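[1] need a 3D model of the following:
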Amino acid sequence: MSLFRKERLSRRDVLKQTGMLSALGAANAVSPLAASAAAIAEPAQHKLPAREGTATDNLFTRIGVRPLINGRGTFTIISGSRSLPQVKQAMYDASFYYVQLDEMMDGIGAQLGKLMGAEWGIATTGCEAAICLATVACMVGTNVEQSQAFPYIKKKDQVIIPKHSRNQYDFGVRMVGAEIVEVDSIDELTSKISPRTAMIYLMSNPGNASGPMSIRNICAVAKQKNVPVFVDAAAEEPLNPNIHIQAGATLVGYSGGKCLRGPQSSGIMLGEKNLCKAAYFQAAPHHNFGRAMKCSKEEAMGILAAVETWYKRDHDAEQKMWRGWLNNIENRVKGLPSTSFTYHEPEDLSNRAPTLQISWDANTLKITGTELVAKLDAGTPRIVLGGAHGRRPDMMQSGISVMPYMMDPGEDKIIADAIYAALTNPGEYKDPVIPTGTPADVHGAWAVTVDYYRGTGEQKFTLQQSGNDVTGTQAGEIYNATLKGTVHANEIELHSAMTVPGNTVFWTFKGNVTGNDISGTVNMGEYGNANWKAVRA
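    Residues are numbered from 1 along each chain as shown. As a prediction, the model looks like this:
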């Protein structure tokens, strides 16, 4: 009687084998059985399969999602940019192979450095991931014990950010628990660098190219103090030689899903080899802080293909093509009464493409810019544009903008026809109905509860009232803001801009007043809607 013992490979066993594989360099020797298998499975020539579906019946419409034509730009919320054919091919081909990821990233690192004018580079899961991984690398390097104790224990725990560089994306620094130290002058920068300083973070923009707090001047101080500098150049064109590295930056981060037209969840960290490799050490497949930031072989090879293609693209021809598309849109619309057209050229390397601003009088054409944008967004095909302004009845001078950066050939005609149709056949729009009657009394202190999609928030409003006009303060749980709005009969509307670290949250409270109670809805822009209620204190 023979006995068979069933064995199940545990996650711990897999981890042990992973460590052995990494240590041995994926085993140089090939067994006869493996060699035979390799001969049998000789890779064929792979070509991208044909795209399935139509504009109205595709993989997105089948799950209730309406694709759109992007005349707005490389915004993440509308899925960034279209990846290039070369990128799609690289990702598709990469999917047919297994590779040892450390070896792959070393190969990519050398190529990115060579192509982009730096010592080294790594592929990341977006520029935000590059910011985060750079911060961790500057804090603990590749010290295994410190890496495993991170973020609870860290010797270097401060990152300096000039006030002009604070932005929504410095969340990549804050997410590791770094203490942000703001500075506003070179003298202040010099005095605040200490043994606790891990890194200096800078956002690249035209204002940082010159002046006392230029990137070059900040890098000069940092070099004297031996502090790394990370420059966030997410949406910029990657010139070679790299302008930021030439200015003295240690590391530079780029998004892969914007002008490079690489994989949408990809990015690049460029710069000193030891810090780039330390950043990769902190990321997957390694079991450190950045394990969640896993850059697959498909994404990594896709972004490498995007970079290779970037330096072969005819960028002057692209600019002329985009300008031509905007001219076509102008020519379709310019005969309409009250219309005017302005071209805005880019100020720097970020999102470098012309933009067309179309302006008109909504009293003449019977539709405001905000109404037109909403009409195109709800139409078929769905079109998204930017720069919408115009409001009934007090702001009838209206406009929209068209950004051709992410459009495909032929989409200029679709957008032109849609704008023309909306301006010549707008439909019926009426001024909002403003309730009449004595305005409700809302002055005083109010205890406010915001019922979020999950969780609640407690705030306090202090309101002053002069007829229909309302002003006051908004004391949030953590942050504060100034309120301004109106009350007509029993309907109240309040607006605020709450400054938070590197960002602003915009609130629009609408509600009905009933004696000492108010209830309604609040819109928070990208953060969605919630219900709110208030009780007079």
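
[2] care to break this structure down by domain?
    With automatic domain parsing as the criterion, the domains of the chain are listed as 78-310, 323-424, 444-536.

[3] how far off centre is the last one?
    Translated: domain 444-536. 28 Å (Cα atoms, centre = their mean, to the nearest Å).

[4] okay, and the helix or strand of the chain with the least pLDDT?
    Using mean pLDDT, DSSP states H and E, the weakest-scoring helix or strand in the chain turns out to be helix 32-40, at a mean of 40.

[5] what sits closest to the most centrally placed residue in the chain if chain neighbours are left out?
    Taking Cα atoms, centre = their mean, the centroid of the chain lies closest to residue 76, which sits 5.0 Å from it. Nearest non-adjacent residue to residue 76, counting by Cβ to Cβ, 6 or more residues apart in numbering: residue 257, 7.6 Å away. Bear in mind the C-beta positions are built from the backbone N, C-alpha and C, glycine included.

[6] what count of nearby residues applies to the one you found?
    Neighbour count for residue 257, taken as other Cβ atoms under 10 Å: 26.

[7] and for residue 79?
    Residues lying near residue 79 (other Cβ under 10 Å) number 14.

[8] and it, how far is that from residue 530?
    Look at residue 79 and residue 530: by Cβ to Cβ, to the nearest Å, they are 26 Å apart.

[9] for residue 133, same thing?
    On the measure of Cβ to Cβ, residue 133 and residue 530 end up 34 Å apart.

[10] for the two, indicate the residue with more neighbours.
    Taking neighbours as other Cβ under 10 Å, residue 133 and residue 530 compare with residue 133 leading, 31 against 19.

[11] now the strands for the stretch 101-250 of the chain?
    Along the stretch 101-250 of the chain, the stretches classed as strands by DSSP state E, counting those that start in this stretch are 120-124, 158-162, 179-183, 197-203, 229-232.

[12] export the ones you listed as TSV, with columns for distance to residue 51.
    Putting the strands of the stretch 101-250 of the chain into TSV (distance: least, Cβ to Cβ, whole Å) gives the following:
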stretch	distance to residue 51
strand 120-124	25
strand 158-162	43
strand 179-183	45
strand 197-203	37
strand 229-232	34
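
[13] of all those strands, which one is nearest residue 137?
    Residue 137 lies closest to strand 197-203 among the strands of the stretch 101-250 of the chain, at 8.6 Å (Cβ to Cβ).

[14] with just CA atoms, put the closest one into PDB.
    Provided in PDB are the C-alpha atoms of strand 197-203 (Å, rounded to 0.1, in the frame of the first residue of the first chain):
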ATOM      1  CA  THR A 197      15.700  67.100   7.500                       C
ATOM      2  CA  ALA A 198      15.200  64.200   5.100                       C
ATOM      3  CA  MET A 199      14.400  66.000   1.900                       C
ATOM      4  CA  ILE A 200      13.300  69.200   0.200                       C
ATOM      5  CA  TYR A 201      10.200  69.000  -2.000                       C
ATOM      6  CA  LEU A 202       9.600  71.400  -4.900                       C
ATOM      7  CA  MET A 203       6.800  71.800  -7.300                       C
END
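
[15] pLDDT below threshold where in the stretch 201-350 of the chain?
    Applying pLDDT under 70 to the stretch 201-350 of the chain picks out no residues at all.

[16] and the helices in it, which stretches?
    Taking DSSP state H, counting those that start in this stretch, the helices of the stretch 201-350 of the chain run over residues 215-225, 243-246, 273-281, 297-310, 315-333.

[17] to residue 147, which of the ones you listed lies closest?
    Set against residue 147 and scored by Cβ to Cβ, those come closest in helix 273-281, at 7.6 Å.

[18] and the angle from that closest one to strand 197-203?
    Counting by axes from the mean of the first three to the mean of the last three Cα atoms, to 10 degrees, helix 273-281 lies at 90 degrees to strand 197-203.

[19] in helix 273-281, which residues are buried?
    Neighbour counts over helix 273-281 (16 or more other Cβ atoms under 10 Å) mark 275-281 as buried.
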